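J.: after the sequence you'll find the predicted model.
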Amino acid sequence: MTTTSSASLTSRDITRIGLAAALIAVLAQISIPMPAGVPMTLQTFVIPLVGIILGSKKGTIAAVIYVLLGAVGLPIFAGFTGGLGIVLGMTGGFIVSFPIMAFLAGLGTEAGGSVRLYAGLIAGAILNYIIGTCWFVVAAHSTFAAAFTACVLPFIPTAVIKIILAGIIGKKVRDLLSRAGVI
């Protein structure tokens, strides 16, 4: 006899997760190269968006799948890059923190209310910066001040915009999909 628990994923869940991972891969290609080697991408917009729409568990799974597919060599990271070298390189900390971003965005959504949603989005962005910047220091043999200048300062204005838009769009899409019975 087979039992199913509420923790198992349905085929519809797996399809949604796959589509979300594909959306991350597509939007990762919208990228602006920056002088220090850390590109400005839509990954940090779409990752929390996926977390909001799918929730903490499924959003995290979608982000993990994206990271793993890129790590094994599929050219799905920014600039159609992929491989373990990218994950272990200067921008690898940002990449490996994507599942955390998705989880915190989903957790904020599930906790209810805009304040908790935005707290999750902000916490995810801050952790992404901390992990990414520390990783950059090690991988680039850089000082923290230089890494902060390369990895954080130029991105603060767009990070604020991405957080606001992810919160607004994510909540609306999640509500629409929920009312339609899709999620």
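T.: On my side now, so go ahead. Nothing here was measured: the structure is a model prediction, and the numbers come from that model. Numbering: from 1, shown residues only.
J.: give me the three-state assignment for the most centrally placed residue in the chain.
T.: Nearest residue to the geometric centre of the chain (Cα atoms, centre = their mean): residue 47, 2.7 Å. For residue 47, the secondary structure call by DSSP: H, G, I helix; E, B strand; the rest coil comes out as helix.
J.: let me see the contact set for it.
T.: Contacts for residue 47 were tallied using Cβ atoms under 8 Å, 6 or more residues apart in numbering; they are 24, 63, 98, 101, 102, 105, 124. Glycine gets a C-beta too; all of them are placed from N, C-alpha and C.
J.: so residue 100 sits in a helix?
T.: Yes: following the definition three-state DSSP, residue 100 is counted among the residues of a helix.
J.: residues near the nearest residue to it once chain neighbours are set aside, how many?
T.: Leaving out its chain neighbours, the residue that sits closest to residue 100 by Cβ to Cβ, 6 or more residues apart in numbering is residue 127, at 5.4 Å. Residues near residue 127, counting by other Cβ atoms under 10 Å, number 15.
J.: nearest spatial neighbour of residue 120, skipping sequence neighbours?
T.: Closest residue in space to residue 120, ignoring its immediate chain neighbours: residue 108 at 2.1 Å, by Cβ to Cβ, 6+ apart.
J.: lowest-pLDDT helix or strand in this protein?
T.: In the chain, no helix or strand scores lower on mean pLDDT, DSSP states H and E than strand 31-32, which sits at a mean of 88.
J.: other residues contacting it?
T.: The contact list for strand 31-32, computed with Cβ under 8 Å, 6+ apart, reads 39, 40, 41, 42, 78, 79.
J.: would you confirm that the residue nearest to residue 120 contacts residue 121?
T.: Yes: here residue 108 lies in contact with residue 121, judged by Cβ atoms under 8 Å, at a distance of 6.2 Å.
J.: helices or strands up against the longest helix along the chain?
T.: Taking DSSP state H as the criterion, the chain has its longest helix at helix 114-139. Using 3 or more Cβ pairs under 8 Å, 6 or more residues apart in numbering; DSSP states H and E, the elements in contact with helix 114-139 are helix 43-54, helix 92-96, helix 98-111, helix 144-151, helix 156-179.
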